[in-house]
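>>> the sequence and its predicted three-dimensional model are supplied below.
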Amino acid sequence: MSLCCSAVQTSIGAEASLRTAKEFRGKSYALDVTTAWAAEIQSQGRIALFSTAWNNFSSQTVARKLELKQYGVELEFW
């Protein structure tokens, strides 16, 4: 189904890691697990962060549906 957990965490905040099995995509499971994860992080007094790659349109759709605010951009130079 769908899993959201902390990929990186500190005493101040945690960054979400989200995965949904192909056959369960598009059924709002990602929204449900991410919402539950964020509520748990916030109940601990920490900041819940969600990041996504520029080409991960599925993840960007989840962020948009959750009405998240963009706060930064990462640039890589090779």
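Yep, it's here.
>>> may I ask you to name the longest helix in the protein?
Scanning the chain for the longest helix, with DSSP state H as the assignment, gives helix 29-43.
>>> what comes into contact with the following helix or strand past that one?
Per DSSP states H and E, helix 29-43 leads on to strand 47-49 as the next helix or strand towards the C-terminus. Strand 47-49 has contacts (CB atoms under 8 Å, 6 or more residues apart in numbering) with 12, 13, 14, 15, 16, 37, 38, 41, 42. C-beta coordinates here come from the backbone N, C-alpha and C atoms, glycine included.
>>> the chain: strands as residue ranges?
Secondary structure of the chain, counting by DSSP state E: strands at 2-9, 13-20, 47-49.
>>> off-centre distance for the shortest one?
Between the mean C-alpha point of strand 47-49 and the mean C-alpha point of its chain there is a distance of 9 Å (CA atoms, centre = their mean, to the nearest Å).
>>> partner strands of it, parallel or antiparallel?
Note on strand 47-49: by DSSP bridges, its sheet partners are strand 13-20 (parallel).
>>> I'd like the average pLDDT over the partner strand.
Taken as a whole, strand 13-20 carries a mean pLDDT of 95.
>>> out of the strands of the chain, nearest to residue 56?
Among these, the nearest to residue 56 by CB to CB is strand 13-20 (9.8 Å).
>>> alpha carbons of the closest one, as CSV, please.
What follows is strand 13-20, C-alpha atoms only, in CSV (Å, rounded to 0.1, in the frame of the first residue of the first chain):
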residue,chain,number,x,y,z
GLY,A,13,12.2,18.5,12.5
ALA,A,14,11.8,15.5,10.3
GLU,A,15,11.7,15.0,6.5
ALA,A,16,9.2,12.6,5.0
SER,A,17,10.0,9.6,2.9
LEU,A,18,6.9,8.4,1.0
ARG,A,19,6.4,5.3,-1.1
THR,A,20,3.2,3.8,-2.6
